[in-house]
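Visitor: Return atomic coordinates for the entry below.
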Amino acid sequence: MLAAVKLRSHAGIGLIEVMVALAVLGVILAIAAPSFADLLNRLRVQAVAEQISTDLAFARAESGLRPQGVVVHFRYNAEMSCYSMAYFRAGGRCNCTDAGTACNENATELKTSRIPTSIGVRFEPSSNQWMSANSVGRIGFTSPQMTASLTDFSVTVSGVRGAQLKVELSPMGRVRTCSPNGSVTGVPSCG
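Guide: Below is the predicted model of the structure:
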């Protein structure tokens, strides 16, 4: 005997199920979006701090290779934070906020780095010894000893969402990165 074959009717996904799934997805995204934005900002702060740390170590090493010292000028304004690294002769000047080449003909520019404030990160030097009215800070490395011109120099990198790192120089010119407010995990706290 032949068994009776039942034909099943398969219904598709209904409008109600789709709307419930979209509502649940919307709630999950609303909860996850702020923490994702915090993560991106922390990663940007870390990237900028690592770049500054690497460039300060590079400037120190370059000062040991040349008969001239290397100076790193930091500036910041409403549009950007920036720095220029260069060898200087008499009359040498660098301004990384200028468009194009940052240094004049009496300075040999090694590198200029500009970080627009639109990415949510800014940095500023915290040494009061060299600060002036036009928001300039600088650190020099003498040749051939490769020692820093200041005994207390640091650059604080801050994100708009509270992440903060500090790049510090020892009196010998060695670079160390720490977290002043504990906002970045995996980095030692300052102190």
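Visitor: and the worst-scoring helix or strand of the chain on mean pLDDT, what does it pack onto?
Guide: Ranked by mean pLDDT, DSSP states H and E, the weakest helix or strand in the chain is strand 136-141, scoring a mean of 81. Contact partners of strand 136-141 among helices and strands, from 3 or more C-beta pairs under 8 Å, 6 or more residues apart in numbering; DSSP states H and E: helix 15-63, strand 70-76, strand 121-125. C-betas here are computed from N, CA, C, even on glycine.
Visitor: Low-confidence ranges, the chain, go.
Guide: 1-11, 127-136 (pLDDT under 70).
Visitor: Can you pull up the most central residue in it?
Guide: The centre of the chain sits closest to Val48, judged by C-alpha atoms, centre = their mean, with a distance of 1.8 Å.
Visitor: So that one versus Leu150, what's the distance?
Guide: According to C-beta to C-beta, to the nearest Å, Val48 and Leu150 sit 21 Å apart.
Visitor: Identify, out of the helices and strands packed on strand 136-141, the most deeply packed stretch.
Guide: Burial of these is given as mean neighbour count (mean count of other C-beta atoms under 10 Å); strand 70-76 ranks first at a mean of 24.
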